[in-house]
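Colleague: coordinates for the following, if possible.
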Amino acid sequence: MLVGADAADLEKARPFLLPLSTIIRHFGAVGSGTVYKLINNLMGAIQIAGIAEGLAIAEQAGLDTKLVLEAIETGVAPVRR
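Modeller: Modelled structure (predicted):
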């Protein structure tokens with residue numbers, strides 16, 4: 001759970017949050033958890049775009065896309081489908 005809250009308020013809320021998530025990451029003031037979530041979404045979107053571009057290049061180069069996907073899944077930069 002990504003949390004932005006006053007530290008004292010988070011401690012009061014912790015008993016109610018623990019059943020929802022065993023990991024609670026406190027990023028600071030109200031809104032800071034949302035900022036981190038947006039950063040995380042950005043990094044995921046960049047990864048997806050990079051994979052799509054790489055697959056498009058592989059296809060244009062005439063590579064076997066099934067083999068390319070197998071290599072991506074088990075190679076240096078594994079991707080989970």
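
Colleague: from Asn41, how far out is Thr65?
Modeller: Distance of Thr65 to Asn41, given as Cβ to Cβ, to the nearest Å: 27 Å. For every residue, glycine as well, the C-beta is placed using N, CA and C.

Colleague: show the subsequent helix or strand relative to the helix ranked longest in the chain.
Modeller: The longest helix of the chain (DSSP state H) is helix 32-60. Using DSSP states H and E, the helix or strand that follows helix 32-60 in sequence is helix 65-74.

Colleague: now do that following helix against helix 32-60, angle only.
Modeller: Relative orientation of helix 65-74 and helix 32-60, computed by axes from the mean of the first three to the mean of the last three Cα atoms, to 10 degrees: 140 degrees.

Colleague: buried ones in helix 65-74?
Modeller: 68, 72 (16 or more other Cβ atoms under 10 Å).

Colleague: pLDDT below threshold where in the chain?
Modeller: Scanning the chain for pLDDT under 70 picks out 76-81.

Colleague: how does it look with 80?
Modeller: 75-81 (pLDDT under 80).

Colleague: relative to its centroid, which residue of it is most remote?
Modeller: Largest separation from the mean C-alpha position in the chain: Gly62, at 30.8 Å (Cα atoms, centre = their mean).

Colleague: how much space between that one and Val3?
Modeller: Counting by Cβ to Cβ - Gly62 and Val3 are separated by 49 Å.

Colleague: and for Ala58?
Modeller: 41 Å.

Colleague: when those two are compared, which one has more neighbours?
Modeller: More neighbours surround Val3 than the other of Ala58 and Val3, with 20 against 17 (other Cβ atoms under 10 Å).

Colleague: not counting its neighbours along the chain, what's nearest the more buried one?
Modeller: Gly33 (4.7 Å; Cβ to Cβ, 6 or more residues apart in numbering).

Colleague: neighbours of the one you found, how many?
Modeller: So Gly33, with other Cβ under 10 Å, has 19 neighbours.

Colleague: one more: His26?
Modeller: For His26, the tally of surrounding residues (other Cβ under 10 Å) stands at 17.

Colleague: can you report phi and psi for the residue lying closest to it once chain neighbours are set aside?
Modeller: Closest residue in space to His26, ignoring its immediate chain neighbours: Val3 at 5.2 Å, by Cβ to Cβ, 6+ apart. Dihedral angles of Val3 (phi, psi; degrees, to the nearest 10) stand at phi -120, psi 140.
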